[in-house]
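S.K.: sequence-free structure coming up:
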Ligand code: ATP
Ligand code: MG
C-alpha cells in the first residue's frame with residue numbers, strides 16, 4: 001500500500017454495548033483490525049480503513065470535526081449531541097428506547113404529570129426538546145450515570161433514560177410511562193466526504209448489506225411429490241424463483257429457496273401443510289444483493 005492511498009477513518013466504541021456488535025460486523029465484512037489491548041488506533045488488513053476507538057459520547061463530534069470520516073453510534077447519542085451528520089445506514093443492533101419513568105406508586109395522569117416536576121437524565125437535550133413540544137414546564141437535572149436511582153434518593157421526581165428490557169426500572173420501583181425515542185446503532189458520516197472516501201464507504205456499505213441480509217435470511221431445501229411442486233413454489237418467493245431439481249426417486253423433486261426470518265415459521269407451516277418433506281434450513285454465510 002502506498003502511503004498516498006486514501007484511508008477511511010471509522011470511529012468505533014472502545015468498549016461497551018456497541019463494541020462487540022460493531023467489531024463483529026466489520027469482521028464478517030472482511031475488515032479485520034490489528035488491535036492490541038488498549039490501542040486507540042488500528043489499521044485494517046486488506047481494506048483501506050483505519051479505526052479510532054473512542055467513548056460513544058465522543059463519536060458524533062469526532063465525525064463532525066472530520067477527525068474520523070464515519071462512525072458507528074446509537075441514534076440516541078447522535079440526537080443528544082446534535083451535530084449535523086449524514087445517517088448512511090441503520091445497523092439493526094444496539095436497540096433500545098429512551099423513556100420517561102416515574103415511581104411505581106405514583107398515579108400517572110398523562111404527560112401533564114411532569115409539569116413542575118424534576119426529571120433526572122443523561123439526555124437533557126432530547127428531553128428538553130420533547131418537553132418544549134408538549135409544552136411541559138419541568139426541571140431537567142443532568143446526571144452522567146445511575147439515573148435510575150435518582151427518585152429513590154430524593155434527587156428527582158422522575159427519570160428519562162435508556163430502557164431495553166425494563167428490569168432496571170422494576171428493580172428501582174419505577175414504571176415506564178412514555179417512550180420518547182426508539183434507537184439503534186447507525187453509521188454516521190461527515191457531510192463533506194471527499195469522493196475517494198465516499199467510494200470506500202460505498203464498498204463497505206455493500207459488504208454490510210450482504211452480511212446483514214445473510215443474517216435475516218435462511219436457505220431452505222425440501223422434497224415434495226411432483227404434483228405438489230406448483231403449490232409449494234407459490235409459497236416460496238426466493239430471490240428470483242425457487243430452484244426445482246428432480247430427485248433420484250421417481251415422481252419426487254427437491255426444491256431450494258431463500259426465505260426471510262419474518263416469514264420463516266409461517267412459511268414452514270404452509271410447506272408442511274402442502275406435503276413438503278425432509279425440510280432443511282441452512283444459515284447463509286453471505287448474501288450478495
Ligand atoms: P462509553 O464508555 O462508550 O461512553 P456508555 O456507558 O455511554 O459507553 P453503553 O452502555 O456502552 O454506553 O451503551 C452504548 C449504546 O448502546 C447506547 O447509547 C445505546 O445506543 C445502546 N444500547 C442498547 N441497549 C442498551 C441498553 N440496554 N442500555 C444502554 N444502552 C444500550
Ligand atoms: Mg457514553
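M.R.: Noted; the coordinates are in hand. All values reported here derive from a predicted model rather than from experimental measurement. Numbering: from 1, shown residues only. Ligands and ions are numbered 1, 2, ... in the order given.

S.K.: contacts, neighbours, all on C-alpha from now
M.R.: Fine.

S.K.: what segments of the stretch 101-250 of the chain are strands?
M.R.: Remark: strands assigned in the stretch 101-250 of the chain by DSSP state E, counting those that start in this stretch are 118-121, 139-142, 158-163, 174-183, 185-189, 217-225, 243-246.

S.K.: closest to residue 71 out of those?
M.R.: strand 185-189 (5.3 Å; Cα to Cα).

S.K.: strand partners (parallel or antiparallel) of that closest one?
M.R.: Next to strand 185-189 in the sheet, as set by DSSP bridges, lie strand 70-74 (antiparallel), strand 86-90 (antiparallel).

S.K.: leaving out chain neighbours, which residue sits closest to residue 247?
M.R.: Among residues not flanking residue 247 along the chain, residue 253 sits closest, at 4.9 Å (Cα to Cα, 6 or more residues apart in numbering).

S.K.: quick one, phi psi at the closest residue to residue 47 other than its chain neighbours?
M.R.: In space, residue 47 comes closest to residue 31 once its chain neighbours are excluded; the distance is 6.1 Å by Cα to Cα, 6+ apart. With angles defined as degrees, to the nearest 10, residue 31 sits at phi -110, psi 100.

S.K.: hmm, residue 44 and residue 31 touching each other?
M.R.: Yes. Contact status for residue 31 versus residue 44: in contact at 6.2 Å, counting by Cα atoms under 8 Å.

S.K.: more neighbours: which of these two?
M.R.: Counting neighbours by other Cα atoms under 10 Å for residue 31 and for residue 44 shows that residue 31 has the greater number, 20 against 17.

S.K.: roughly how far does the more buried one sit from residue 51?
M.R.: According to Cα to Cα, to the nearest Å, residue 31 stands 10 Å off from residue 51.

S.K.: overlap in contacts, the two.
M.R.: residue 44 (Cα atoms under 8 Å, 6 or more residues apart in numbering).

S.K.: counting neighbours, what do you get for the nearest residue to residue 95 once chain neighbours are set aside?
M.R.: Nearest non-adjacent residue to residue 95, counting by Cα to Cα, 6+ apart: residue 184, 4.3 Å away. Residue 184: 18 surrounding residues under other Cα under 10 Å.

S.K.: same check, this time on the one 5 residues further on
M.R.: Burial of residue 189 is recorded as 25 neighbouring residues (other Cα under 10 Å).
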